[in-house]
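Visitor: could you look at this predicted model? Sequence included:
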Amino acid sequence: MKIIAVIPARYASTRFPAKLMQDLGGKTVILRTYDATVATKLFDDVFVVTDSDLIFNEIVNHGGKAIMSIKEHESGSDRIAEAIFSLDVDIVVNVQGDEPFTEAGPLEQVLSVFKNDEDRKIDLASLMREITNEDEINNPNNVKVVVDQSQFALYFSRSVIPYPRDRDVGVRYFQHIGIYAFRKQALLDFYSLPMKSLEASEKLEQLRYLEFGKRIKMVETNHVGIGIDTAEDLEKARAILAAK
């Protein structure tokens, strides 16, 4: 299988404008993410896909590969699908642009499910981690996922799912970790399908896949990513880097 990584990178950010171009130990956040992804040695190619000349030039001027988006997109999946349309590729991994400490471990986990999927029952795969803290479970910024007995996603929600009407039945709660691996065709199908009410209500693009019958294989992990969503997150990342 030919496997590539794609890093969708928007310049604008509601909570932290231009966060991907902020300095992190002598490199921009997006360049550190790109270099970390290449360093995993898991991919035949790595691309940044962006709507910004600044980000495009930052990657290309440092010897990397970047693709400019042709039009505006509602989601990362839409941006990636447009970019990979004409590429000869089997599996596409979506790496978050604001995770400069990206490591091989969780990426290997999400890729592993395709190795034995000879019947091609898996359209895409993603990660989840168990959460037990009540505040984490109730936080709408933590997207929860419920799965069937084969670990395929049944639903994703910002609400508490399942609802704990009875707390003594051994229910486990899982937070969705936003690392995805897609079959190319699943991405192209997503790009051609309209947003429906579930996705619009929850503002979760993965619900479009479920609404149109795509199968999402979930893999349990202990991975907790270090993303940069705020100026405070950037300072924490600088401290982590300085301590290495």
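Guide: Arrived safely.

Visitor: for the rest of this, base every contact and every neighbour count on C-alpha atoms.
Guide: Noted.

Visitor: go ahead and confirm residue 143 touches residue 156.
Guide: Yes. In this structure, residue 143 is within contact of residue 156 by CA atoms under 8 Å, at 6.6 Å.

Visitor: need the overlap of contacts for these two.
Guide: Common contact partners of residue 143 and residue 156 (CA atoms under 8 Å, 6 or more residues apart in numbering): residue 176.

Visitor: tell me where the model's unsure across the protein.
Guide: Along the chain, the model assigns pLDDT under 70 to no residue.

Visitor: show me where it has strands.
Guide: 3-9, 23-24, 27-28, 45-50, 66-68, 91-94, 124-131, 144-147, 153-157, 173-183, 216-220 (DSSP state E).

Visitor: partner strands of the third one, with direction?
Guide: Right, strand 27-28. Strand 27-28 pairs in its sheet with strand 23-24 (antiparallel), by DSSP bridges.

Visitor: that older thread, which of the strands of the chain sits closest to residue 76?
Guide: Nearest of the strands of the chain to residue 76, taken as CA to CA: strand 3-9 at 6.0 Å.

Visitor: with adjacent residues omitted, what lies nearest to residue 195?
Guide: Closest residue in space to residue 195, ignoring its immediate chain neighbours: residue 208 at 6.4 Å, by CA to CA, 6 or more residues apart in numbering.

Visitor: got a list of what that neighbour touches?
Guide: Residues in contact with residue 208, defined by CA under 8 Å, 6+ apart, are 190, 195-196, 198-199.

Visitor: repeat that for 7 Å
Guide: Shown in contact with residue 208 (CA atoms under 7 Å, 6 or more residues apart in numbering): 195-196, 199.

Visitor: helices of this structure, start to end?
Guide: Per DSSP state H, the chain carries helices over the ranges 29-39, 53-60, 76-84, 104-112, 134-138, 184-192, 197-202, 206-211, 231-243.

Visitor: got a markdown table for these, with distance to residue 150 too?
Guide: Output for those, formatted as a markdown table (distance: least, CA to CA, whole Å):
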| stretch | distance to residue 150 |
| --- | --- |
| helix 29-39 | 29 |
| helix 53-60 | 40 |
| helix 76-84 | 25 |
| helix 104-112 | 15 |
| helix 134-138 | 23 |
| helix 184-192 | 20 |
| helix 197-202 | 23 |
| helix 206-211 | 16 |
| helix 231-243 | 36 |
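
Visitor: these: which one's closest to residue 171?
Guide: Of all the helices of the chain, it is helix 134-138 that lies closest to residue 171, at 12.2 Å by CA to CA.

Visitor: list the buried residues for that closest one?
Guide: 136-137 (16 or more other CA atoms under 10 Å).

Visitor: what's the answer for stretch 168-187, then?
Guide: Applying 16+ other CA under 10 Å to stretch 168-187 flags 173-177, 179-187 as buried.
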